[in-house]
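S.K.: only geometry, no sequence info:
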């Protein structure tokens, strides 16, 4: 049974992966931060990873619990949290079913719809909520069909429901787009339908260029999208909801007595974290600056849709980690080359990326000292003016992107970007590949090693202790923003972030999944 469920989830994941960019571009509600497709994909991917490690091979109830729990913990963003409740409702219904037929699917979709609506304080039609209810309604009229026929009808009805969202929500009507969350849900159903029918996924439909109204959207009145999990015993979702309600909007608190997932748009993420720690242990913290994300989405789409006809200079960045790739792309990088520590790209790869931008001029962000030489060689070989910014880390490269001006020349951009990169203080936590001495203390091979500006400053077996030491070293001078970028082996940041918020209430915190190897955590202080 586990294998069968895993195959269905993989089909859903594949469908979202193929459509992620399109869904991100459609994202204008509740805020235009351009991440709906990504958030839904990561939520489903968390279920895939849990099933791959599951030992509940034939226990339906145990398997359903694992799926629901994985979706809850892995949920990202507003769309991901609502999707986790859709998964929870469907899983609960399927756990008690003796057989999988059209009637069972209808019951699962109805339960999913009920859970999704219950999770939202003020349900809005023309969203993923409308789509899941439409699917449940359709399934309940098709219980005589076999599963391939049923899912074909669900895809048809889902596409209709998605198209109808364009006129159900004013912000979508003005932007001329459909709801990204609803579209993502139907892609999940499309992937499952293709798997059940034994057919390949259909080609991704090319959508027409987004109109200016869809690109230029007003940002949320709150700055930070804050998401975290609280784990403990006897947790009260209503109590946490009451504490978070005064802090912002788009509030969601879902889960059970042992684990709650909270999502809120707020100007005070520190206060939100403190509300969580008052109830239990917080984990899986994500804090994103939605104003920056909205601006980045607008810049990216303006370039893609041809609305930014004045673009003169493109950026090529050397990046390790899928999350970091998306961060750079969202900030306007048009060429991203895989590379970094122990995996330096060749001059040829960099040259191909430069030429692939088709821009009049280009800037290359090295993001690693070992890449600078190859980048400069590629710049000399390029047929267009290219300037290299010798950024020594991903953190410095991201800071440099804040100074990027597409309409300016490469030389002007390079000067501004290098100055901005130099102003950021960088830290990291890695695993020592050999024994290291830090201030007279021996750090064994395999222990955590904390770096500040590239120099060892702390070490030991406790990630939290080492990371805390790095943070305090970076904050020895006054700083306004502290950004955490989690690695391929994502560490638990909850306790660390809670301490930072308590000690430095004036500090703005951001957390992003980077996915870089070798470094569980990268830190930037600005």
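M.R.: It's in. Just so we're clear, the structure is a prediction, and the values are computed from it rather than from any experiment. Residues are numbered from 1 along each chain as shown.
S.K.: okay, and the helix or strand of this structure with the least pLDDT?
M.R.: Least confident element among the helices and strands of the chain, by mean pLDDT, DSSP states H and E: helix 212-215 (a mean of 40).
S.K.: distance of the nearest residue to residue 479 once chain neighbours are set aside from residue 184?
M.R.: Distance criterion Cβ to Cβ, 6 or more residues apart in numbering; nearest residue to residue 479, sequence neighbours excluded, is residue 525 at 4.4 Å. C-betas here are computed from N, CA, C, even on glycine. Going from residue 525 to residue 184 by Cβ to Cβ, to the nearest Å gives 35 Å.
S.K.: pick out whichever of these two has more residues nearby.
M.R.: Under the criterion of other Cβ atoms under 10 Å, the comparison of residue 525 against residue 184 puts residue 184 first, with 32 against 23.
S.K.: please name every helix or strand in contact with the helix or strand the more buried one falls within.
M.R.: According to DSSP states H and E, residue 184 maps onto helix 180-197. Applying 3 or more Cβ pairs under 8 Å, 6 or more residues apart in numbering; DSSP states H and E, one finds that helix 180-197 makes contact with helix 2-26, helix 36-53, helix 77-95, helix 128-140, helix 147-168.
S.K.: which is the next helix or strand following the last one?
M.R.: Stepping forward along the backbone from helix 147-168, the first helix or strand reached (DSSP H and E) is helix 170-175.
S.K.: chain center to that next one, what's the gap?
M.R.: Taking the mean of its C-alpha atoms, helix 170-175 sits 24 Å from the chain's own mean (Cα atoms, centre = their mean, to the nearest Å).
S.K.: quick one: average pLDDT of that helix?
M.R.: For helix 170-175, mean pLDDT rounds to 78.
S.K.: now do stretch 116-128
M.R.: Mean pLDDT, stretch 116-128: 89.
S.K.: now the angle from the helix or strand residue 63 falls within to helix 36-53?
M.R.: Secondary structure assignment for residue 63, by DSSP H and E: helix 60-74. With axes from the mean of the first three to the mean of the last three Cα atoms, to 10 degrees applied, the angle from helix 60-74 to helix 36-53 works out at 140 degrees.
S.K.: buried residues in helix 60-74?
M.R.: Residues 60, 63-74 are the ones in helix 60-74 that count as buried (16 or more other Cβ atoms under 10 Å).
S.K.: can you list those in a markdown table and add distance to residue 36?
M.R.: Shown next, in a markdown table, are those (distance: Cβ to Cβ, whole Å):
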| residue | distance to residue 36 |
| --- | --- |
| 60 | 31 |
| 63 | 28 |
| 64 | 26 |
| 65 | 27 |
| 66 | 25 |
| 67 | 21 |
| 68 | 21 |
| 69 | 23 |
| 70 | 20 |
| 71 | 16 |
| 72 | 18 |
| 73 | 19 |
| 74 | 15 |
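S.K.: all helices for the stretch 351-500 of the chain, in order.
M.R.: Per DSSP state H, counting those that start in this stretch, the stretch 351-500 of the chain carries helices over the ranges 372-381, 394-401, 410-422, 463-474, 494-503.
S.K.: tell me which of those sits most buried.
M.R.: Of the helices of the stretch 351-500 of the chain, the one with the most neighbours on average (mean count of other Cβ atoms under 10 Å) is helix 394-401, at a mean of 27.
S.K.: residues in contact with it?
M.R.: The contact list for helix 394-401 (Cβ atoms under 8 Å, 6 or more residues apart in numbering) reads 315, 317-321, 324, 327-328, 331-333, 340, 365-367, 389, 391, 417-418, 420-424, 426, 483, 485, 514, 516, 522-524, 526.
S.K.: gap between the two ends of stretch 313-325?
M.R.: Using Cα to Cα, to the nearest Å, the end-to-end distance of stretch 313-325 comes out at 19 Å.
S.K.: below-threshold pLDDT in the stretch 251-400 of the chain: ranges please.
M.R.: 291-310, 341-342 (pLDDT under 70).
S.K.: one step back: what separates the helix holding residue 184 from the chain centre, distance-wise?
M.R.: Mean-position distance between helix 180-197 and its chain equals 20 Å (Cα atoms, centre = their mean).
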